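Q: need a 3D model of the sequence below.
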Amino acid sequence: MSDPRIIPVEPETATVEAIAPFGTLVEAGEDGTPFGPADARLELGQGTPRLYIMRLHKRPMLVRGITRHTRVTQCLAATMGGEWFIGLAPAGDPDLPGAKPDPAAIRIFRIPGDKALALHRGTWHAGPFFEAETQDFLNLELSDTNEVDHHTVRLDAEFGIAFAITP
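A: Numbering: from 1, shown residues only. Next comes the predicted model:
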């Protein structure tokens with residue numbers, strides 16, 4: 001395999017509108033606010049929900065592959081308020097086995113540390129990426145997501161490209 005063509009990408013700042021095709025950008029609201037359009041719609045009924053804090057270590061900000069989970073929505077939030085980055089592509093039909101993302105549809109977002117991200121079921125995602133040495137994230141998915149619902153496409157092998165995040 002030859003080296004992939006590296007495409008530099010300056011992340012766009014996540015907004016509610018920009019994230020909408022991929023999920024929900026969850027922002028702080030006053031306690032007691034009723035459930036409404038600013039809240040994430042979660043799909044956790046195909047297994048046992050799991051909420052945990054995952055510790056990630058710094059790695060190159062290079063998107064070589066992209067993953068989706070077809071059985072569950074996934075929620076991510078930095079625990080210490082650190083800014084982070086994620087690559088996203090539309091889910092397409094999450095029930096279509098063997099589906100691949102459209103590389104031209106991949107967008108890289110800068111997520112402020114005071115926001116959470118709830119991905120629609122099947123949304124393609126790469127990351128989180130960050131500049132700190134380590135970063136902890138709240139992660140809500142199913143207990144077996146990483147064993148039985150982890151569908152990855154290698155962008156470098158399938159399409160000969162990778163995206164370099166330039167913060």
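
Q: which residues touch the closest residue to residue 92 other than its chain neighbours?
A: In this structure, residue 92 finds its nearest non-sequential neighbour in residue 99, 5.5 Å apart by CB to CB, 6 or more residues apart in numbering. For glycine as for every other residue, the C-beta is placed from the backbone atoms N, C-alpha and C. Residue 99 is in contact with 92-93, 151, counting by CB atoms under 8 Å, 6 or more residues apart in numbering.

Q: neighbour count added to these, as TSV?
A: Listed next are the contacts of residue 99 as TSV, based on neighbours: other CB atoms under 10 Å:
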residue	neighbour count
92	16
93	9
151	16
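
Q: ok, of those, which one's closest to residue 132?
A: When those are compared for distance to residue 132 (CB to CB), residue 151 wins out at 28.3 Å.

Q: so the closest one touches residue 68, yeah?
A: Yes: counting by CB atoms under 8 Å, residue 151 does reach residue 68; the two are 5.2 Å apart.

Q: give me the contacts around the helix or strand of the chain with the lowest mean pLDDT.
A: The helix or strand of the chain with the poorest confidence is helix 145-148; it has a mean of 95 (mean pLDDT, DSSP states H and E). Here helix 145-148 makes contact (CB under 8 Å, 6+ apart) with 47, 50, 69, 71-72, 74.

Q: switch the cut-off to 10 Å
A: Here helix 145-148 makes contact (CB atoms under 10 Å, 6 or more residues apart in numbering) with 46-47, 49-50, 67, 69-72, 74, 139, 142.

Q: so where do the strands sit in the protein?
A: 5-9, 12-13, 23-26, 49-57, 62-63, 65-68, 74-78, 84-89, 107-111, 116-119, 124-129, 134-142, 151-154, 161-165 (DSSP state E).

Q: related to what we said a few turns ago, what residues are shared contacts of residue 151 and residue 68?
A: 94, 99, 122, 124.

Q: would you check which pair of the residues you listed lies furthest apart?
A: Greatest spatial distance among these (CB to CB): 94 and 124, at 10.1 Å.

Q: and the strands of the chain: which comes nearest residue 38?
A: strand 23-26 (7.6 Å).

Q: which strands and helices sit next to the closest one?
A: helix 16-19, strand 74-78, strand 116-119 (3 or more CB pairs under 10 Å, 6 or more residues apart in numbering; DSSP states H and E).

Q: rerun at 6 Å
A: strand 116-119 (3 or more CB pairs under 6 Å, 6 or more residues apart in numbering; DSSP states H and E).

Q: show me what the strand it packs on pairs with in its sheet, parallel or antiparallel.
A: Next to strand 116-119 in the sheet, as set by DSSP bridges, lie strand 23-26 (antiparallel), strand 74-78 (antiparallel).
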